[in-house]
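Peer 1: here is my input; please provide its structure:
(one chain, ligands or ions: 1)
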Amino acid sequence: MTSAVGILSGGLDSLLAVKLLQNQGIEIHGLHFEILFSEKYQKNNEKYEDMKSAALESGYTLHIVDIVDDYLEDVLKNPKYGYGKNMNPCLDCHIYMIKKAGEFMKKIGADFIFSGEVLGQRPMTQMLEKLILINKVTGLGEYLLRPLSAKLLEPTIPEKTGLVNRSKLEGIEGRGRKIQIALAKEFGITEYPSPAGGCLYTDPGFSCRIKDIMTHDPCFTARDIYFMKYGRHFRFDDCRIIVGRDFAENNALEEASGNLWRCSPETVPGPTSVIIQDSGSEKKISDKIIKFSVDLVARYTKNQPIKVIVFSPDGTEEILDGHPVKDEDSKQYRINQ
Ligand code: SF4
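Peer 2: Residues are numbered from 1 along each chain as shown. As a prediction, this is how the structure comes out:
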């Protein structure tokens, strides 16, 4: 049986690519690359379980591949082809995932790899010259099928050898979604995420946090990226202070805080803050920084003076008076303006 390895984002285009190949009797092995929030720090893997079950219901297996650690070093910190509008290293990212998919194809003895890419849909990665570049740099072009635009591209080996019937693939080009939506209807695909809910590396606020850490703490790790998902972020000297915005964020910060300094209101409900020092810093975290964290907690509790518990890394606790940080200070130190 012909089998193929697909790079699946979970979006409509990749679901359609799967269907087009399944309709030709091809066995699908899906790969979903986790490039942001390492499984190591996720308490709740429901999202992945749901994705895997949805894949099984659709007749294929989905492997979640956690590549965050390597991705930070090999792609995000120094992308050969640069960033997009924000901190999205899209071209390097595509190349990286395709290479990984190629390795997996060889490992399991599959016949080719595929993706849901559409010619001309994204300027940084899907213009014809970019697709050709990706083919060349990965060395996998002949084995990389793009079922949604195949009729507009050079035939790949699976098409040339008859493993895939090229005439049953699509020739979609551009940013429009009409054809994809019509195909989804034809294939009975009713649930799919909107294209706007994209990757956080393309998000301006998230990108500010990445820029800050790249400037101050270039040795950052997956744990730092995990913290970027939550709260309001402030930079104070050699520390980042993160203040939760709601109950769920406070819980997430507390759970992951480990041996970090942490602050919470003593008697009233309110935010948790954690202090993360740049990894290269050898200084002791100053009282000034702890005080700023305490005052941030006061600001985001009721914007009134309150008592705040400070939990230190050695397990001791202290109660300090929190006086709300002034608006101008909050703005000055906020990372993602
Ligand atoms: S949007 Fe995100 S996942 Fe997609 S190519 Fe760019 S960096 Fe990679």
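Peer 1: what residues does the stretch 201-337 of the chain put near the ligand?
Peer 2: 201-202 (C-beta under 6 Å from any ligand atom). Just so you know, the C-beta spots here come from the backbone N, C-alpha and C atoms, and that holds for glycine as well.
Peer 1: for the stretch 51-200 of the chain, which residues are neighbours of the ligand?
Peer 2: Near the ligand, the residues belonging to the stretch 51-200 of the chain are 88-90, 93-94, 198-199 when assessed by C-beta under 6 Å from any ligand atom.
Peer 1: any of the residues you listed buried? List them.
Peer 2: 88-90, 93-94 (16 or more other C-beta atoms under 10 Å).
Peer 1: what's the burial count for Lys136?
Peer 2: Neighbours of Lys136 under the rule other C-beta atoms under 10 Å: 11.
Peer 1: for the stretch 151-300 of the chain, which spans come out with low pLDDT?
Peer 2: 195-197 (pLDDT under 70).
Peer 1: 50 instead?
Peer 2: Along the stretch 151-300 of the chain, no part satisfies pLDDT under 50.
Peer 1: in it, which residue sits nearest the ligand?
Peer 2: Of all residues in the stretch 151-300 of the chain, Cys199 sits closest to the ligand, at 3.0 Å by C-beta to the nearest ligand atom.
Peer 1: in this structure that residue contacts Asn88, no?
Peer 2: Yes. Cys199 is within contact range of Asn88, at 6.7 Å (criterion: C-beta atoms under 8 Å).
Peer 1: ok, back up a step: so what's the residue of the stretch 151-300 of the chain closest to the ligand up against?
Peer 2: By C-beta atoms under 8 Å, 6 or more residues apart in numbering, Cys199 lies in contact with 35-36, 88.
Peer 1: mind giving me the domain split of this protein?
Peer 2: Per automatic domain parsing, the structural domains of the chain span 3-187, 203-333.
Peer 1: redo these as TSV? Include distance to Pro193.
Peer 2: Below are those laid out as TSV (distance: least, C-beta to C-beta, whole Å):
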stretch	distance to Pro193
domain 3-187	6
domain 203-333	15
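Peer 1: show me where the stretch 201-337 of the chain has helices.
Peer 2: With DSSP state H, counting those that start in this stretch, the ranges of helices along the stretch 201-337 of the chain come out as 204-216, 222-228, 247-256, 287-299, 327-333.
Peer 1: roughly how far out does the first one sit from the chain middle?
Peer 2: Helix 204-216 has its C-alpha centroid displaced from the chain centroid by 14 Å (C-alpha atoms, centre = their mean, to the nearest Å).
Peer 1: elements contacting it?
Peer 2: Judged by 3 or more C-beta pairs under 8 Å, 6 or more residues apart in numbering; DSSP states H and E, the packing partners of helix 204-216 are helix 222-228, strand 232-236.
Peer 1: lowest pLDDT pick from the contacts of Cys199?
Peer 2: Lowest-confidence member of the contacts of Cys199: Leu36, scoring 86 (pLDDT).
Peer 1: what's the spacing between that one and the ligand?
Peer 2: 8 Å (C-beta to the nearest ligand atom, to the nearest Å).
Peer 1: ok, now Thr316?
Peer 2: Applying C-beta to the nearest ligand atom to Thr316 and the ligand gives a distance of 42 Å.
Peer 1: look up how far Ile285 lies from that residue.
Peer 2: Thr316 is 14 Å from Ile285, where distance means C-beta to C-beta, to the nearest Å.
Peer 1: which of those two has more neighbours?
Peer 2: Taking neighbours as other C-beta under 10 Å, Thr316 and Ile285 compare with Ile285 leading, 20 against 8.
Peer 1: which residues touch the more buried one?
Peer 2: Listed by C-beta under 8 Å, 6+ apart, the contact set of Ile285 reads 239, 261, 275, 277.
Peer 1: output the longest strand belonging to this protein.
Peer 2: strand 27-34 (DSSP state E).
Peer 1: report the mean confidence score over that strand.
Peer 2: Per-residue pLDDT over strand 27-34 has a mean of 96.
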